[in-house]
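**Student:** Give the three-dimensional model of this entry:
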Amino acid sequence: MSKQMRRSLIAKIKIAQKQLNIEDWEYRQMLERLTGLSSCAQMQNYQLVCVLNELKRKGFKPTVSKKHVPPNHSKSKHAMIGKVAALLADNKLTWDYAHSMAKRMFKVDRVEWLDYDHLHKLIAALQIHANRKV
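**Tutor:** Residues are numbered from 1 along each chain as shown. Below you'll find the predicted structure:
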């Protein structure tokens with residue numbers, strides 16, 4: 001197990017101690033009862049996992065960090081793909097045309113695979129193309 005994983009286990013244990021409102025003397029008694037040691041710094045990785053499992057048994061619920069959750073653009077992305085479809089239909093263009101634009105502009109083979117910002121730029125390019133024909 002890496003040092004980063006070890007630090008993560010120790011951090012989770014400390015968060016659990018705080019979340020469960022366990023006093024320091026009670027926490028140290030639990031550590032000694034489970035591992036024979038009174039400090040996480042002295043423990044092996046398997047002992048840290050044992051302590052964390054005990055804390056989970058007592059009610060600790062780890063939470064997922066919000067900063068690692070990607071934003072959900074699925075609804076707006078779906079609407080933007082609809083806009084691409086409308087621009088293609090209005091200008092009597094095929095989806096192959098849109099896919100080739102995506103490939104040329106962003107090095108992405110299909111329009112559906114574009115992210116939100118790229119879709120926005122593709123729509124702008126299709127609108128410019130439509131304005132030139134008027």
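**Student:** For the rest of this, base every contact and every neighbour count on C-alpha atoms.
**Tutor:** Noted.
**Student:** helices or strands up against the helix or strand of the chain with the lowest mean pLDDT?
**Tutor:** The weakest-scoring helix or strand in the chain, judged by mean pLDDT, DSSP states H and E, is helix 74-90 (a mean of 87). Under the contact definition 3 or more CA pairs under 8 Å, 6 or more residues apart in numbering; DSSP states H and E, helix 74-90 sits against helix 95-106, helix 116-133.
**Student:** Please list the outside residues in contact with the first one.
**Tutor:** Applying CA atoms under 8 Å, 6 or more residues apart in numbering, the external contacts of helix 95-106 come out as Val84, Ala85, Leu88, Val108, Asp109, Arg110, Val111, Leu114, His118, Leu122.
**Student:** What of stretch 123-134?
**Tutor:** By CA under 8 Å, 6+ apart, stretch 123-134 touches Met80, Lys83, Val84, Leu87, Leu88, Asn91.
**Student:** which stretch among the helices and strands packed on helix 74-90 comes nearest Asn53?
**Tutor:** Nearest to Asn53 among the helices and strands packed on helix 74-90 is helix 116-133 (40.5 Å), distances taken as CA to CA.
**Student:** Of the contacts of helix 95-106, just the buried ones, PyMOL syntax please.
**Tutor:** A single PyMOL command is used to select the members of the contacts of helix 95-106 judged buried by 16 or more other CA atoms under 10 Å:
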select buried, resi 84+85+88+108+111+114+118+122
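**Student:** Next SSE downstream of the helix or strand encompassing Ser8?
**Tutor:** If you go by DSSP states H and E, Ser8 is part of helix 3-19. Once the chain leaves helix 3-19, the next helix or strand it forms, by DSSP H and E, is helix 24-35.
**Student:** For that following helix, give the mean pLDDT please.
**Tutor:** What helix 24-35 shows for mean pLDDT is 94.
**Student:** which parts of that helix are buried?
**Tutor:** Tyr27, Arg28, Met30, Leu31, Thr35.
**Student:** Next, the contact list for the last one, please.
**Tutor:** Neighbouring residues of Thr35 by CA under 8 Å, 6+ apart: Met43, Gln47.
**Student:** which residues sit in contact with the closest residue in space to His120 that isn't next to it in sequence?
**Tutor:** In this structure, His120 finds its nearest non-sequential neighbour in Met80, 7.4 Å apart by CA to CA, 6 or more residues apart in numbering. Met80 is in contact with Leu119, His120, Ile123, counting by CA under 8 Å, 6+ apart.
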